[in-house]
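Q: Mind folding the following:
(chains A and B)
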Amino acid sequence: MPYGFIILMTGVLCASACALLGSFLILRRMAMMADAISHAILPGLVFGYFLADGPNIITGALGATGAALLTVLIVQGLERTRKLDISAAIGVAFAAMFALGTILISRFFRNVHLDTDAILFGNIEFSSFDRLYVGNSDLGPTSFWIMGTLLVINLGFLLLFYKELKLTTFDPGLAAALGFAPAIMHYALMTVLSVTAVGAFTAVGAILVVALIIVPAATAFLLTDRLPVMIGGSVVIGASSAVFGYFSALWTDASVSGFIALWTGVFFALALLFSPSQGLVARLLTVRRNRQRFAIDLLLVHLFNHAGTTEEATESSLDHIGTALHWPPDKAHHTINRAEHRGYIRQEHGSLVLTADGRALAQSVMSR
Amino acid sequence: MPGVLHDLLFDYTLRNVALGSALLGIVSGVLGSFAVLRRQGLLGDTLSHAALPGICIAFILTGSRTPLVLLIGAGIAGWLGTLLLLRIVQDTKLSEDAALGIILSTFFGIGVVMLSLIQRTNNANQAGLDKYLFGQAAALVERNVITFALLGGPTLLLVLLLYKEFKLLSFDPEFAASLGFPARKLNVLLTSLVVVAVMIGLQTVGVVLMAAMIIGPGAAARQWTDRLSHMLVLAALFGAASGLTGAVSSVLDTALPTGPMIIMALTVIVAISILFAPRHGLVPEQLRIRRHRRTMFAGAGGD
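A: Sure, this is the predicted structure:
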């Protein structure tokens, strides 16, 4: 297998596994728990290495998962005291864990290779060198096994507990009343998230795990209101980010994990701008259309009110409209053109006259 | 211990480290108090990550490693992140925590790409950009401290001048708007001021630990008082105390890194405050509940 292909596939598997969980975190407003957990695993990882007397992947992963779960409990406990709100609880807890991890490294692991940069960025570039051996047989790249396992776990979790997750997310009260124990689903989700963060962290590092978990799901959220579409869409967006990120990095010889995160951002920015329902452009167009429609309504009502009165000649003259409605000449001009184009008014000897359509619309506006 | 006290006053290195860390504690304590009250605790975390591409661009454009230049770059990037964050929260159905996570991770991703490009060019001058990731409180020199004072002083002054406005905004933004205060502009301003605290913190505790620097002092101070003015002073004191403790402990034992020690000291202060603060602490609260329960039962028994 070519090295590049291994890196690419590691990225795609990792991004897909992470993106699967994102939708529920976004909907439960717990996106920042991903950030907290991905950082808080550090002291556990160090402790695991300490127990094994070296960088042992199994004790490290166990320690890291333990630290992640401990952080979930601490955040939960702090929030339950109601002394801190959830964001403060998250910030205090994960920073303390990360600081503890850094202190442990500098105190006990001065000589052991535990690269602090790799904690933040990961080491996806090296995924092609690390192969899994059982006895003498080469089972392929270790990263495939780790990311593949994560993908299976997360997919299995969603398929098995989809109904429970959905119900506890959208209506925890009803879920509790029906006997679905929202708390258990919360801890189950947090456990799966912890395992994912620990596994993905070796490939893309603590902070970029957050990008892969949150951003694709948030992007999909802007594009759809249906949960299954959102989950599927976030996996597609995450995997695409991995592909685009890999080739961008190859082309510019820059960090792969950085570029993957950057591409999740690009897709998000596109959705933010151009989503048909939520996008800034769509919103801007709606505002403009409403403003134009309101201006036409106003013009028609004005003409309707003065039709047949003595001052009709002056009030509906082409030059007077702008002054009467306090419009700048530009706006008056465009509105008159639009109304004429749509067949609501016509011009007769320099003054404006309502057509039958225009009169009908003016009446319906006034009866609203 | 008297030796430490002597060094604190007269040893050049320690004095700067202690002064810089304490200044960070004061500025982030005051601004963080507002963030905590407005339930925007993780703002500092997001802005410190969002600052990374700014540091890289400032370096690429100027080729200099002067802290002030890099910090201005950091500030601009953090500020752009703030504006984008407020826009996402305002204009989409995404909640604030999702917006925080999005800005944090994508800006940081862009920064990582830039950092790798800079490192690839093998510029002899590039070494040291990544020290902003973990901070290097132990390497603070007099010039840094002066930079901090120049950034932090005007910021604190601004908070003092707009105290009434910020107070109103923190507790009742709708009321503030109805009174005719420019609530949206004040919101952008107060959020942007956090960027200044982040600029100071990047060099001292680094990107990751900045979250605690913003939240910790305010969260601890909140347990001791219900008055905003007292809370701000207490938060500044707690911030300064943890800065000093971190600096001193890393001098007593050189294997201890300063930034993480500052955060550990702060964590201890937060824990003590949540447990034992007379007004809101857990232990006094439990004692009060038990006392009330006993009085109630005594009353019932007397019947």
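Q: how about stretch A:18-35 as CSV, C-alpha atoms only?
A: Only the C-alpha atoms of stretch A:18-35 are listed here, as CSV (Å, rounded to 0.1, in the frame of the first residue of the first chain):
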residue,chain,number,x,y,z
CYS,A,18,-15.7,11.7,14.7
ALA,A,19,-18.4,13.3,12.5
LEU,A,20,-20.9,10.5,13.5
LEU,A,21,-21.0,11.8,17.1
GLY,A,22,-21.1,15.5,16.3
SER,A,23,-24.8,15.8,15.5
PHE,A,24,-25.9,14.8,18.9
LEU,A,25,-23.4,17.0,20.6
ILE,A,26,-24.5,20.0,18.6
LEU,A,27,-28.2,19.3,19.3
ARG,A,28,-27.6,18.7,23.0
ARG,A,29,-25.6,22.0,23.1
MET,A,30,-22.6,20.1,24.4
ALA,A,31,-20.1,20.8,21.6
MET,A,32,-17.5,22.2,24.0
MET,A,33,-17.4,18.9,25.9
ALA,A,34,-15.5,17.5,22.9
ASP,A,35,-12.9,20.2,23.4
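Q: ok, and for that stretch, which residues are buried?
A: By neighbour count with 16 or more other Cβ atoms under 10 Å in any protein chain shown, stretch A:18-35 contains the buried residues A:18-28, A:30-35. To be clear about C-beta, it is placed using only N, CA and C from the backbone, and glycine gets the same treatment.
Q: Got phi/psi on residue A:180?
A: Backbone torsions for residue A:180, taken as degrees, to the nearest 10, come to phi -90, psi 10.
Q: Pull out whichever of the buried residues of stretch A:18-35 are also neighbours of chain B.
A: Among the buried residues of stretch A:18-35, the residues lying close to chain B (Cβ under 8 Å from any Cβ of the partner chain) are A:26, A:30, A:31, A:32, A:34, A:35.
Q: Out of these, which sit inside strands?
A: Nothing among those maps onto strands, per DSSP state E.
Q: Just put these in TSV and tack on pLDDT.
A: Output for these, formatted as TSV (pLDDT from 0 to 100):
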residue	pLDDT
A:26	94
A:30	90
A:31	91
A:32	90
A:34	91
A:35	90
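Q: ok, of the residues you listed, which one's closest to residue B:101?
A: The nearest member of these to residue B:101, counting by Cβ to Cβ, is residue A:31 at 4.2 Å.
Q: quick one: contacts for the closest one?
A: Each residue near residue A:31 by Cβ atoms under 8 Å, 6 or more residues apart in numbering or on different chains is listed here: A:22, A:25, A:213, A:214, A:218, B:95, B:97, B:98, B:100, B:101.
Q: Downstream of the lowest-mean-pLDDT helix or strand in chain A, the next helix or strand is which one?
A: One helix or strand of chain A scores below all others by mean pLDDT, DSSP states H and E: helix A:116-121, with a mean of 69. The helix or strand immediately downstream of helix A:116-121 is strand A:131-134, counting by DSSP states H and E.
Q: Contacts for that next one, please.
A: Residues beyond strand A:131-134 that count as contacts (Cβ under 8 Å, 6+ apart) turn out to be A:138, A:139, A:140, A:141, A:142, A:145.
Q: Out of these, who's the most crowded?
A: Neighbour counts for the contacts of strand A:131-134 peak at residue A:141, which has 22 neighbours (criterion: other Cβ atoms under 10 Å in any protein chain shown).
Q: How about the contacts made by the residue lying closest to residue B:100 once chain neighbours are set aside?
A: Distance criterion Cβ to Cβ, 6 or more residues apart in numbering or on different chains; nearest residue to residue B:100, sequence neighbours excluded, is residue B:46 at 4.6 Å. Each residue near residue B:46 by Cβ under 8 Å, 6+ apart is listed here: B:81, B:85, B:100, B:101, B:103, B:104.
Q: and if we set it to 10 Å?
A: When contacts are counted by Cβ atoms under 10 Å, 6 or more residues apart in numbering or on different chains, residue B:46 is found next to A:32, A:35, B:40, B:78, B:81-82, B:85, B:97, B:99-105, B:107-108, B:194, B:198, B:210-211.
Q: can you check residue A:323 too?
A: Contact analysis of residue A:323 by Cβ under 10 Å, 6+ apart lists A:329, A:332.
Q: Same check on residue A:290?
A: Contacts of residue A:290 by Cβ under 10 Å, 6+ apart: none found.
Q: Please determine how far it is located from chain B.
A: Computed with Cβ to the nearest Cβ, to the nearest Å, the distance linking residue A:290 and chain B is 16 Å.
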